[in-house]
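**Student:** got a predicted model here, sequence first, then my questions.
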Amino acid sequence: MKARAVSMFLGASCLLLNVSAAMAQDRSTRTPDLSGLSQAERESIEAACSAAKYVHGPAAYNQCLTDQLVSLSKGSRTPDLSGLTTEERQSIEAACSAAKYVQGPAAYNQCLRNQLTSLSGGPRPPDLSRLNADERQSIEAACSAAKYVQGPAAYNHCLLNQLASLSGGPPAPDLSGLIQTNGNRSRPLVPQPSTCKVLPPITDV
């Protein structure tokens with residue numbers, strides 16, 4: 001009887017342990033509460049965990065959300081970007097978009113802070129007002145990768161380098177002779193017809 005009682009006690013203990021473990025696991029895999037997040041933070045977390053959601057399933061997705069919330073609670077909050085110009089803000093947000101939608105809001109906030117530090121320690125945007133329209137379009141296009149991939153500090157450096165190259169290079173050649181204006185229409189120059197007379201062929205007498 002004593003052995004049987006001990007066996008029953010051990011069985012009941014194992015059952016309680018299994019139930020407790022199952023309840024703990026159930027609590028840990030339930031979708032965490034995201035209501036305290038901003039709209040941008042929620043979008044970032046859901047995007048960063050999308051692979052877990054659609055490839056690994058709901059349990060992995062919930063675990064990913066939980067891990068992202070822990071990382072966010074330990075990191076810095078979203079920095080204030082209100083002092084930036086529209087172009088600077090677009091540049092920073094574009095440069096940090098991979099961190100936002102792949103790594104999550106904690107990594108995104110850190111990326112924003114790194115970009116702000118680089119911007120504050122770098123050169124300000126140079127004055128492009130003395131350039132003509134073609135030169136400005138060319139410089140901005142040449143520096144677009146720096147603007148949207150590396151951020152505003154790298155973009156400003158690129159603009160300065162382009163201006164230095166332009167000032168040290170040859171002036172733009174005059175292309176006005178390549179077109180001929182006829183009233184309000186422009187057309188390429190075309191060779192004029194020859195004024196030479198064509199002689200008849202020589203025949204043998």
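**Tutor:** Looks like it came in fine. Numbers count the residues shown, from 1 in each chain.

**Student:** which residues in this structure form helices?
**Tutor:** 2-28, 39-48, 50-51, 58-74, 86-95, 97-98, 105-121, 133-142, 144-145, 152-168 (DSSP state H).

**Student:** so how far is the third one off the chain centroid?
**Tutor:** Right, helix 50-51. Relative to the chain's own centre, helix 50-51 is displaced by 18 Å; criterion: C-alpha atoms, centre = their mean, to the nearest Å.

**Student:** pLDDT averaged over it - what is it?
**Tutor:** Helix 50-51 shows a mean pLDDT of 96.

**Student:** give me the low-pLDDT residue ranges for the protein?
**Tutor:** 1-29, 174-177, 179-205 (pLDDT under 70).

**Student:** that older thread, tell me which of the helices of the chain sits nearest to residue 80.
**Tutor:** Smallest distance to residue 80 across the helices of the chain (C-beta to C-beta): 9.0 Å, for helix 105-121. (Glycine included, C-beta is placed from N, CA and C.)

**Student:** mind listing what's buried along that closest one?
**Tutor:** Under the neighbour-count criterion of 16 or more other C-beta atoms under 10 Å, helix 105-121 has 105-112, 114-116, 118-119 buried.

**Student:** and for stretch 144-154?
**Tutor:** 146, 147, 150, 151, 152, 153, 154.

**Student:** and the end-to-end length of it?
**Tutor:** 10 Å (C-alpha to C-alpha, to the nearest Å).

**Student:** need the contact partners of that stretch.
**Tutor:** If you take C-beta atoms under 8 Å, 6 or more residues apart in numbering as the criterion, stretch 144-154 is touched by 84, 87-88, 91-92, 94-96, 115, 118-119, 121-123, 125, 155, 157-158.

**Student:** before we move on, back to that, nearest to residue 178, of the helices of the chain?
**Tutor:** helix 133-142 (14.6 Å).

**Student:** dump the C-alpha coordinates for the closest one into CSV.
**Tutor:** Below are the C-alpha coordinates for helix 133-142, written out as CSV (Å, rounded to 0.1, in the frame of the first residue of the first chain):
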residue,chain,number,x,y,z
ALA,A,133,18.9,73.7,-64.0
ASP,A,134,20.9,71.0,-65.9
GLU,A,135,23.8,71.2,-63.4
ARG,A,136,21.5,71.0,-60.4
GLN,A,137,19.6,68.0,-61.8
SER,A,138,22.9,66.3,-62.6
ILE,A,139,24.4,66.8,-59.2
GLU,A,140,21.2,65.7,-57.3
ALA,A,141,20.9,62.6,-59.5
ALA,A,142,24.5,61.7,-59.0
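
**Student:** any idea how far it is from the chain center?
**Tutor:** Taking mean C-alpha positions (C-alpha atoms, centre = their mean), helix 133-142 and its chain are 21 Å apart.
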